[in-house]
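Visitor: Mind looking at a prediction? Sequence and model below.
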Amino acid sequence: MKTVCLDVAIDHRIRRLLRPIDVSSETLDSTHISMLNAYGRQLGRSDDEIRVTSQLAGPQTTGGILVALQQPRSNHPFEKGIKCVIDDCETLAALGEVFHIVSCGTLEIGTNVSVIDLLPYITVEQMNDMDDVQLGDAFLSTVHVFGRKKPQIILCCAKIWLGQKRQDCKGEAWKFESQRLGTSFGKRSTIRFRDETRNWVSTERVNGFHPSYCMNYYPHISCFRQLQILTVAEACGMYRDDWTEETWMKSLRDSCASQVTQLQGTDRGRERIYLPEYERKYSSILEDVQKAIDLLSHSTSLYDDLLQSRLSSMCNDANLIILQMFVLSNKGWPKTFNKQNGAALWTAIDNTRQFLVAVSGPTGHPRLCRILRCFMSSLRRHVTDIKVGGPPWPVHLQNMRECFLSMAQDLETFLGELLESERTMPNSGTELDSLSGLVGNLEI
């Protein structure tokens with residue numbers, strides 16, 4: 001079983017949801033792809049764009065899982081084929097990775113998971129040039145494509161923001177849009193809409209969010225990536241008809257919703273962060289990790305305390321922050337930024353060294369001590385290798401990142417084993433009730 005997805009260690013409770021999916025029952029032919037192709041030709045799109053759009057919308061059968069995204073970029077490399085388009089687009093690449101891992105390799109986008117935009121073939125710039133009639137016709141075409149596909153599950157991963165005066169242009173397509181990140185449709189998960197023959201089509205939907213939110217806009221916040229994985233797991237579980245809501249899931253959603261509220265309070269909206277700010281975030285996490293490790297030395301209820309400490313989550317965040325520093329270092333920067341960026345990298349290294357000195361030798365549970373000692377030994381080896389005289393090479397940042405990611409993996413594996421032992425203990429009903437309540441109040 002995979003333990004890493006989207007560059008984070010998968011939460012031990014989400015790991016239990018990773019299961020294969022049998023799609024062999026989807027045998028009825030669908031004409032949604034031919035309709036999509038005809039629509040693309042009507043708009044005058046290139047053969048390359050029509051071909052890739054139809055491949056992403058596959059398979060050519062009714063039912064299954066359909067992912068509703070927003071609209072295409074203006075610069076997809078359609079002429080290079082579907083693989084290059086997916087590899088060049090973090091949104092599609094992330095979706096492909098999550099579906100592959102959550103389904104244990106049985107689902108792939110374009111092969112047995114359909115991906116269709118709310119406005120296929122129409123970029124934001126083209127949409128803004130449309131009048132209300134043209135825009136209404138575009139949304140109606142999408143409703144008709146969805147009507148022919150008749151998906152069992154729609155994973156709603158996008159919302160197209162129009163002014164209040166143009167909201168009616170969406171028609172029934174609004175039913176395929178996501179709602180606020182961190183919420184669920186609940187009792188409103190079942191929807192009906194009319195196909196081109198005015199017959200009703202009924203389907204289930206899952207509230208997701210656009211993958212670019214966690215991959216591009218806020219790539220350093222791990223809980224958004226955990227929620228992305230959970231959302232796909234929910235869609236797969238609803239397709240298998242074995243999905244069960246658990247208390248901790250609401251906790252994860254609530255935690256992410258709270259993060260969104262905090263981020264909306266900034267003047268940035270879509271964050272654009274540079275090296276010095278990433279360094280400050282990383283150094284702040286080091287302080288919190290040190291406090292968590294010290295507190296765990298006195299743990300009396302290991303699973304509860306380790307979960308509440310958020311140690312694994314902090315390691316995932318540190319891993320993602322260093323990853324962004326690594327990406328920026330690889331890209332390089334103008335000479336005018338050499339001094340401040342070089343200083344930020346060295347501050348991160350120095351603070352890591354001070355962290356290793358400040359953390360007292362771990363005591364307590366032998367397994368946890370081994371995990372912590374292994375992490376500190378590996379991290380110490382990598383930061384000791386960095387010599388003064390120039391900024392750290394990207395490879396050093398990559399090595400540091402892998403230390404935090406490995407510890408997050410080990411901690412999640414350990415938490416999973418502790419949780420399983422709790423579940424299998426005789427007469428553990430009371431303990432599990434208590435555990436469920438604790439997890440329900442946990443911030444991930």
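Guide: Now that the structure is in, tell me what you want to look at.
Visitor: List the buried residues for the longest helix anywhere in the chain?
Guide: The helix of greatest length in the chain, counted in residues with DSSP state H as the criterion, is given as helix 394-424. Buried residues in helix 394-424, counted by 16 or more other Cβ atoms under 10 Å: 394, 396-416, 418-419. The C-beta positions use only the backbone N, C-alpha and C, and glycine is treated the same way.
Visitor: Over to stretch 26-39?
Guide: So, applying 16+ other Cβ under 10 Å, buried residues of stretch 26-39: Ser30, His32, Ile33, Met35, Leu36, Asn37, Tyr39.
Visitor: Distance of the nearest residue to the third one once chain neighbours are set aside relative to Val67?
Guide: Put plainly, it is Ile33. If you skip the residues right next to it in sequence, Ile33 has Ser54 as its closest partner in space, 4.8 Å away by Cβ to Cβ, 6 or more residues apart in numbering. Plainly put, Ser54 is 15 Å away from Val67 if you go by Cβ to Cβ, to the nearest Å.
Visitor: Check Val115 too.
Guide: Taking Cβ to Cβ as the measure, Val115 falls 5 Å from Val67.
Visitor: With Ser421 instead?
Guide: 37 Å.
Visitor: Same check on Met249?
Guide: Here the distance between Met249 and Val67 works out to 20 Å (Cβ to Cβ).
Visitor: Can you pick out the residue with more neighbours from these two?
Guide: Val67 (26 against 20; other Cβ atoms under 10 Å).
Visitor: Direction included, what does the helix or strand where the more buried one lies pair up with?
Guide: Here Val67, judged by DSSP states H and E, is contained in strand 65-69. Sheet neighbours of strand 65-69, with direction, are listed as strand 113-117 (parallel), strand 153-156 (parallel) (DSSP bridges).
Visitor: So for the first one, what gets flagged as buried?
Guide: Along strand 113-117, these residues count as buried under the neighbour rule (16+ other Cβ under 10 Å): Val113, Ser114, Val115, Ile116, Asp117.
Visitor: quick check: mean pLDDT across it?
Guide: Looking at strand 113-117 alone, the average pLDDT works out to 97.
Visitor: what's the answer for stretch 42-50, then?
Guide: Per-residue confidence for stretch 42-50 averages out to 97 on the pLDDT scale.
Visitor: contact partners of that stretch?
Guide: When contacts are taken as Cβ atoms under 8 Å, 6 or more residues apart in numbering, the neighbours of stretch 42-50 outside the stretch itself are Leu36, Asn37, Gly40, Arg41, Thr53, Pro72, His76, Phe78, Glu79, Tyr121, Ile122.
Visitor: How many residues are close by the fourth one?
Guide: By other Cβ under 10 Å, the residues close to Arg41 number 11.
Visitor: so who does it touch?
Guide: Here Arg41 is in contact with Ile50 (Cβ under 8 Å, 6+ apart).
Visitor: hmm, 10 Å instead?
Guide: Arg41 makes contacts with Asp47, Ile50, Tyr121, as judged by Cβ atoms under 10 Å, 6 or more residues apart in numbering.
Visitor: just the second one next, same as before
Guide: With contacts taken as Cβ under 10 Å, 6+ apart, Asn37 has the following neighbours: Arg45, Asp47, Ile50, Arg51, Thr53, Ser54, Ala57.
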